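In: Build the 3D model from these lines:
(chains A and B)
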Amino acid sequence: MNDQTKQNLYRFLVGLGDDAVVLSHRLSEWCSNGPYLEEDIALSNIALDYIGRARLFYQYAVEIEGKENTEDDIAYSRTEREYTNLLIHELPINDFAFTMVRQFFVDVFYCEYLAKLSESSDERIASIAQKAVKESRYHLKRSEPWITQLSEGTDESRRRIKEALIELENFVGELFIMSDWEKELVEQGIAVDRTSLQSGWDDYVQAYFAKSGIDIPSSKLQIRGGREGIHTEHLGHMLSEMQYMQRAYPGMKW
Amino acid sequence: MAQISQLIPTLNPVYAERLKLRRQSANSAVWDLLDQVYDPELPGLTIWDLGILQNVQKTKNGWKIDITPTYSGCPAVDAIEQDVKKVLTSANLSNVEVKVVLSPAWSTEMMSPAGKAHLKSIQIAPPDEQDIVECPVCDSQETQLISQFGSTACKALYQCKSCLEAFDYFKHF
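Out: Numbers count the residues shown, from 1 in each chain, chains lettered A, B, ... in the order given. Next up, the predicted model:
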């Protein structure tokens, strides 16, 4: 593997790890705050799946980097501008409807994306994706009925779903934008062409909401910047909480 | 007419493949030793029965044990790794390396029939390929999903409509 590929691969893996760890932390914020006990447990379990996913990507990234850094250094020692997650993952949990619409959006995305990534020419990445896609398929089985239930529940739950859609639609486009290093990795058969997934995603999500008579608002605004380290105002606050212990007591272990 | 699988007990091909690997291995004593290692969250279920134990190999000067996590975030992996080392070291085997492998991805089909029977005995409904969930207490198939996640990521919460007992279902995955 030449240096350029190594560098591309490192950025690619850290990006995927960042997506997972940031969403995981957001989901974990529901722990002890869920609408009822089973939901609380479910959201925490999904958070755990994402933590596992982040670890697998980070562990591979530090091996590629070949220095003495560990997965914990990547998660706990980088600042907001060094995080390269796509923005949809970092938005605050807001209310339960918002959390479930975001989850539905990313579940639909990851089911397709990870299925494609399972065929990566890089065996390690393929095996991580094969594992993760099974989990995302299960997550989708759970987020879908919630979308129906909230959309068709009360006027209030429907209103909240619609509000969540207006906000989240601004952040969907970024899921389908390719970074330069990703484009090079696609040519080598390692990464997946995200742009090829957009129309399938649009059709699926529109058809699903149409069943409950809800139109997806089209967003003219496509907010982006996560992969370059440009974030919403929310990520810094989240990291200050997530990284607190390691910042206060560097190298601390359980 | 009863289905053939009910008349003749058959093994699913995934488990059969594992069993073949174990039976043909020259290291059967080590495989047997590892039957002392249990999943920390499923009392009495060995890592062989759960399908986590994937391979036992002799290396130049020690042993390499392959295990695979059930779920990528499974917090039990570290504990299992320690237990494997402890069991083998106390049997005077040295240089034990535990390797976590991801491929082939773990599935409930890797579980042994004994493992599934054990789950039922501790009142956890075993995974079913068609997701037909039978109450582990009264065997009724009239059950309903309460929550897709139960006490751990690998289980869902169900309730029996016949005896009303709430129970964990080990998800088919």
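
In: Report the buried residues of stretch A:71-85.
Out: Residues A:Glu71, A:Asp73, A:Ile74, A:Ala75, A:Tyr76, A:Arg78, A:Glu80, A:Tyr83, A:Thr84, A:Asn85 are the ones in stretch A:71-85 that count as buried (16 or more other C-beta atoms under 10 Å in any protein chain shown). No exception for glycine: its C-beta is placed from N, CA and C like everyone else's.

In: so what's the last one up against?
Out: What that stands for is A:Asn85. A:Gly15, A:Asp18, A:Asp19, A:Val21, A:Val22, A:Leu23, A:Gly226, A:Leu235 (C-beta atoms under 8 Å, 6 or more residues apart in numbering or on different chains).

In: same question, the first one
Out: With contacts defined as C-beta under 8 Å, 6+ apart, the neighbours of A:Glu71 are A:Arg55, A:Tyr58, A:Gln59, A:Ala61, A:Val62.

In: re earlier: let me know the closest of the contacts of A:Asn85 to A:Gly153.
Out: The shortest approach to A:Gly153 among these belongs to A:Leu23, at 24.8 Å (C-beta to C-beta).

In: helices or strands up against whichever helix or strand A:Gln7 is part of?
Out: Element membership for A:Gln7 (DSSP states H and E) is helix A:3-28. Counting contacts by 3 or more C-beta pairs under 8 Å, 6 or more residues apart in numbering or on different chains; DSSP states H and E, helix A:3-28 packs against helix A:37-65, helix A:71-76, helix A:96-117, helix A:180-187, helix A:234-242.

In: For the ones you listed, give me TSV that also has mean pLDDT.
Out: Output for the helices and strands packed on helix A:3-28, formatted as TSV (pLDDT from 0 to 100):
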stretch	mean pLDDT
helix A:37-65	94
helix A:71-76	95
helix A:96-117	98
helix A:180-187	97
helix A:234-242	97
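
In: For B:Asp128, find the nearest of these.
Out: Nearest of those (C-beta to C-beta): helix A:37-65, 20.5 Å.

In: in the closest one, what's buried?
Out: A:38-62, A:64-65.

In: and B:Glu17, helix, strand or coil?
Out: What DSSP: H, G, I helix; E, B strand; the rest coil gives for B:Glu17 is helix.

In: Kindly report the same for B:Val56.
Out: Secondary structure state of B:Val56, per three-state DSSP, is strand.

In: Now do the domain split for chain B, please.
Out: If you go by automatic domain parsing, the domain ranges for chain B are B:4-110, B:123-170.

In: Just give me how far the first one sits from the chain centre.
Out: The reference is to domain B:4-110. 9 Å (C-alpha atoms, centre = their mean, to the nearest Å).

In: Next: the last one.
Out: Domain B:123-170 has its average C-alpha position 17 Å from the chain's average C-alpha position, going by C-alpha atoms, centre = their mean.

In: quick check, it touching chain A?
Out: Yes. Judged by C-beta under 8 Å from any C-beta of the partner chain, domain B:123-170 and chain A are in contact via B:Ile146, B:Ser147, B:Gln148, B:Phe149, B:Gly150, B:Ser151, B:Thr152, B:Ala153, B:Leu157.

In: quick one: contacts of stretch B:161-173?
Out: So stretch B:161-173 is contacted by A:134, A:138, B:70, B:106-108, B:119, B:123-129, B:131, B:133, B:135-138, B:140, B:142-144, B:146, B:150-151, B:154-160 (C-beta under 8 Å, 6+ apart).

In: one step back: nearest to chain B, out of the contacts of A:Glu71: which one, please.
Out: A:Arg55 (7.6 Å; C-beta to the nearest C-beta).

In: which stretches of the chain have low pLDDT?
Out: By default, I'm working from chain A. Judged against pLDDT under 70, chain A has no low-scoring part.

In: My question was about chain B, not that one.
Out: Within chain B, the stretches with pLDDT under 70 are B:1-7, B:9.

In: Now with 80, please.
Out: Counting by pLDDT under 80, the ranges of chain B that qualify are B:1-10, B:151, B:153.

In: Need the residue closest to the centroid of it.
Out: Nearest to the centroid of the C-alpha atoms of chain B, with distances taken as C-alpha atoms, centre = their mean, sits B:Leu50, at 1.0 Å.

In: So which residues of chain B form strands?
Out: Counting by DSSP state E, chain B has these strands, from start to end: B:53-58, B:63-67, B:96-100, B:124-125, B:143-147, B:155-160, B:166-170.

In: mind listing what's buried in the helix or strand harbouring A:Asn170?
Out: Per DSSP H and E, A:Asn170 falls inside helix A:155-172. For helix A:155-172, the buried set under the neighbour-count rule, 16+ other C-beta under 10 Å, comprises A:Ser157, A:Arg158, A:Arg160, A:Ile161, A:Lys162, A:Ala164, A:Leu165, A:Leu168, A:Glu169, A:Asn170, A:Phe171, A:Val172.

In: The second one: what's it in contact with?
Out: Each residue near A:Arg158 by C-beta under 8 Å, 6+ apart is listed here: A:Leu150, A:Ser151, A:Glu152, A:Ile214.

In: and it, how far is that from chain B?
Out: 23 Å (C-beta to the nearest C-beta, to the nearest Å).

In: Look up the closest residue to A:Thr79, ignoring the ones flanking it.
Out: Of all residues beyond its chain neighbours, the one nearest A:Thr79 is A:Leu239 (7.5 Å), with distances taken as C-beta to C-beta, 6 or more residues apart in numbering or on different chains.

In: and what of B:Ala26?
Out: Per C-beta to C-beta, 6+ apart, closest to B:Ala26 is B:Lys58, 7.7 Å.
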